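Visitor: Following is a predicted model, sequence given first.
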Amino acid sequence: MQLDWEAIQAASAAHPKPAAFRPSYGTAGFRTDATLLPSTVFRCGLLLGLRAKATGQAWGVMITASHNPASDNGVKLVEPSGEMLAQHYETHATSLAQAETDDDVVSLLKGLAEPQTLAGEPGKVIIGRDTRPSGPVLVAACAAGVTAIGVQLLDIGAVTTPELHHTVQTYNQYGALEEQAYFTNLLESFRTLTCGHAPLADDLHVDCANGVGAQKLQQLEAGLHKLGLQLQLYNVGEGQLNHLCGADYVQKQQRFPAGLPATSAGARCASIDGDADRIVFFTKGPDGQCVLLDGDKIAALAAVYVVKLISRIPGLSAAEVSIGVVQTAYANGASTSFLRDELRLQVACTNTGVKYLHHEAKLFDIGIYFESNGHGTVLFKPSLLQRLQDMDGHVCVMQLLAVSRLMNQAVGDALSNLLLVEAVLQTSINMQDWIAMYKDLPSRQLKVHVADRHQIVTTDAERSCVSPAGMQESIDAVVAEYPHGRAFARPSGTEDVVRIYAEADTQEAADSLARRVAGIVYDKAGGIGSRS
């Protein structure tokens, strides 16, 4: 492939990499302090520009740091299918981002370009961003990379991460950039699922994390009101992004978000994160405490609903349809027992990161995956969809097809997940029954700062450490002291920390177990700062 290498080198020189900065493409792409990222995002523009030129398809770039503080930013790269970047290309993205000189950048790019041929028509790169102040600067850096390759950049402005994925997918299918089509699909799918059922009496209170999701829910508000769903939106941009609010805060801290006024016991509440790819629900219990309905509970609700629909379709038995739920080690043990022992579903466990869950979920006819943080979706195998479409218009067939349209088939989507939960609560299961499906084992998550998190090597879907030597044996020994105890340590894919998870039969025991495991990690893996 012939490119203007002098122009590429000149553009690279205008986006120098900070000294000693060695970014790595992790489970959520590149993510760090926004001031360090222009060179990385520029080089991502080069990489995807090259892929677009070779394939003739549209590729995607999302500028976001999701639930991180507003001072951070990041970049996620999206395949033409709308799915996350193929793992073998993550290595190329990391090599380019870490290249020390402009000559190195050009050399790496030549190595990638040489075996590729030009497509008949050049593709495009579609870019979106969340509402962070650093977003426009990084969009400009990406644009410089894409245009240096000779490819057109389509900037769709402030969007949610799932919307960007959906846009890339549909643009490659239909060749149109129509945001309203995304909203219309959500509304019409919700209409099909709730048709003939009375609306819920109470409003849904939504904490929007002061992020881009607030703008999109405001665009949906009127249409949902006509369908009987009244939203009360909070943290819509007047405060700091993700600060004491949002899905990550509520799920990790198990506290009500700041900015949400006092609600009555039993009121339906939800929190999305800064780029609207995560959602958790919660309510106030009789004792005034926060009752969390996290990704595990959303997965259970979706599984119960899907199983119910399939059981009511004439000529289609549950035995003919493989339904699986994919979890990570962070899934509460009680949720795993409910899915496996009560619903009799297949339950798989993967490494943390939606790219792993998504891949595993695609193996089932219906694959339900959610991380406990509220990131997930429900995938439908095309062969099952074709079979359903060939059936008669039984109401449960139409509803199952509506679920497949509502749920983002490329990536987890807080807005579609919100509407699925609301549809199920309106038509099938009330809030109290959802809460009572199973009782979570008390858990606690902690972080430990270490000199090098990469020395922690795990196996068994990150539930066991094989390095440093002796660490897992020490963890096993303390876990054995706690009834229903379970704990693991894993290096974060997004931060320079080791994450600790512990659960036990009481909150006091879970807290104690987490602290003791954190101490083991600190001692065995070179902890820095206070041991606490």
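Guide: Noted; the coordinates are in hand.

Visitor: is it true that A489 lies in a helix?
Guide: No: checked against DSSP: H, G, I helix; E, B strand; the rest coil, A489 lies outside a helix; its state is strand.

Visitor: Now do the contacts for it.
Guide: A489 makes contacts with V448, I456, C465, M471, I475, V498, R499, I500, Y501, V517, I520, V521, as judged by C-beta atoms under 8 Å, 6 or more residues apart in numbering. Glycine gets a C-beta too; all of them are placed from N, C-alpha and C.

Visitor: could those be laid out in JSON lines, adding neighbour count?
Guide: As requested, those are exported to JSON lines (neighbours: other C-beta atoms under 10 Å):
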{"residue": "V448", "neighbour count": "24"}
{"residue": "I456", "neighbour count": "23"}
{"residue": "C465", "neighbour count": "28"}
{"residue": "M471", "neighbour count": "22"}
{"residue": "I475", "neighbour count": "23"}
{"residue": "V498", "neighbour count": "24"}
{"residue": "R499", "neighbour count": "24"}
{"residue": "I500", "neighbour count": "24"}
{"residue": "Y501", "neighbour count": "26"}
{"residue": "V517", "neighbour count": "25"}
{"residue": "I520", "neighbour count": "23"}
{"residue": "V521", "neighbour count": "27"}
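
Visitor: Which helix or strand contains R405?
Guide: Assigned by DSSP states H and E, R405 belongs to helix 395-406.

Visitor: Show the average pLDDT along the helix or strand that that helix is followed by.
Guide: For helix 395-406, the following helix or strand on the C-terminal side (DSSP H and E) is helix 414-427. Average pLDDT, helix 414-427: 98.

Visitor: just stretch 362-378 next, same as before
Guide: For stretch 362-378, mean pLDDT rounds to 96.

Visitor: Work out the gap between that stretch and the centre of the chain.
Guide: In terms of C-alpha atoms, centre = their mean, to the nearest Å, the centre of stretch 362-378 is set 10 Å apart from its chain centre.

Visitor: Could you pull out the buried residues of it?
Guide: Under the neighbour-count criterion of 16 or more other C-beta atoms under 10 Å, stretch 362-378 has 364-378 buried.

Visitor: chain center to the host helix or strand of S39, what's the gap?
Guide: Per DSSP H and E, S39 falls inside helix 38-55. Relative to its chain's centre, helix 38-55 lies at 23 Å (C-alpha atoms, centre = their mean).

Visitor: Run through the neighbouring helices and strands of the next helix or strand after that helix.
Guide: Next along the chain after helix 38-55, taking DSSP H and E as the criterion, comes strand 58-63. Helices and strands touching strand 58-63, by 3 or more C-beta pairs under 8 Å, 6 or more residues apart in numbering; DSSP states H and E, are helix 38-55, strand 72-78, strand 124-129, helix 135-149, helix 161-174.

Visitor: Now render those as JSON lines, adding mean neighbour count, mean pLDDT and distance to Q289.
Guide: Below are the helices and strands packed on strand 58-63 laid out as JSON lines (neighbours: other C-beta atoms under 10 Å; pLDDT from 0 to 100; distance: least, C-beta to C-beta, whole Å):
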{"stretch": "helix 38-55", "mean neighbour count": "26", "mean pLDDT": "97", "distance to Q289": "42"}
{"stretch": "strand 72-78", "mean neighbour count": "26", "mean pLDDT": "98", "distance to Q289": "31"}
{"stretch": "strand 124-129", "mean neighbour count": "27", "mean pLDDT": "98", "distance to Q289": "37"}
{"stretch": "helix 135-149", "mean neighbour count": "22", "mean pLDDT": "98", "distance to Q289": "37"}
{"stretch": "helix 161-174", "mean neighbour count": "23", "mean pLDDT": "96", "distance to Q289": "31"}
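
Visitor: so can I have JSON lines of the ones you listed showing distance to V424?
Guide: Shown next, in JSON lines, are the helices and strands packed on strand 58-63 (distance: least, C-beta to C-beta, whole Å):
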{"stretch": "helix 38-55", "distance to V424": "38"}
{"stretch": "strand 72-78", "distance to V424": "29"}
{"stretch": "strand 124-129", "distance to V424": "29"}
{"stretch": "helix 135-149", "distance to V424": "35"}
{"stretch": "helix 161-174", "distance to V424": "19"}
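
Visitor: Correct me if wrong: A258 contacts G239.
Guide: Yes: the pair formed by A258 and G239 meets the contact definition of C-beta atoms under 8 Å, at 7.4 Å.

Visitor: Residues that sit against both of those two, list them.
Guide: The overlap between the contact sets of A258 and G239 (C-beta under 8 Å, 6+ apart) consists of C245.

Visitor: quick revisit: for the helix holding S39, list the C-alpha coordinates in PDB.
Guide: Taking Å, rounded to 0.1, in the frame of the first residue of the first chain, the C-alpha atoms of helix 38-55 are listed here in PDB:
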ATOM      1  CA  PRO A  38      -2.600  13.300  22.200                       C
ATOM      2  CA  SER A  39       0.200  11.300  20.700                       C
ATOM      3  CA  THR A  40      -1.600   8.000  21.600                       C
ATOM      4  CA  VAL A  41      -4.900   9.100  20.000                       C
ATOM      5  CA  PHE A  42      -3.000  10.500  16.900                       C
ATOM      6  CA  ARG A  43      -1.400   7.100  16.400                       C
ATOM      7  CA  CYS A  44      -4.800   5.400  16.900                       C
ATOM      8  CA  GLY A  45      -6.000   7.600  14.000                       C
ATOM      9  CA  LEU A  46      -3.100   6.300  11.900                       C
ATOM     10  CA  LEU A  47      -3.900   2.700  12.700                       C
ATOM     11  CA  LEU A  48      -7.600   2.900  12.000                       C
ATOM     12  CA  GLY A  49      -7.100   5.100   8.900                       C
ATOM     13  CA  LEU A  50      -4.900   2.300   7.600                       C
ATOM     14  CA  ARG A  51      -7.500  -0.300   8.400                       C
ATOM     15  CA  ALA A  52     -10.200   1.700   6.800                       C
ATOM     16  CA  LYS A  53      -8.200   2.200   3.600                       C
ATOM     17  CA  ALA A  54      -7.400  -1.500   3.400                       C
ATOM     18  CA  THR A  55     -10.900  -2.800   4.100                       C
END
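
Visitor: now that helix against strand 124-129, angle please.
Guide: Orientation check (axes from the mean of the first three to the mean of the last three C-alpha atoms, to 10 degrees): helix 38-55 against strand 124-129 gives 150 degrees.

Visitor: Poorly predicted segments of the protein, please.
Guide: 494 (pLDDT under 70).
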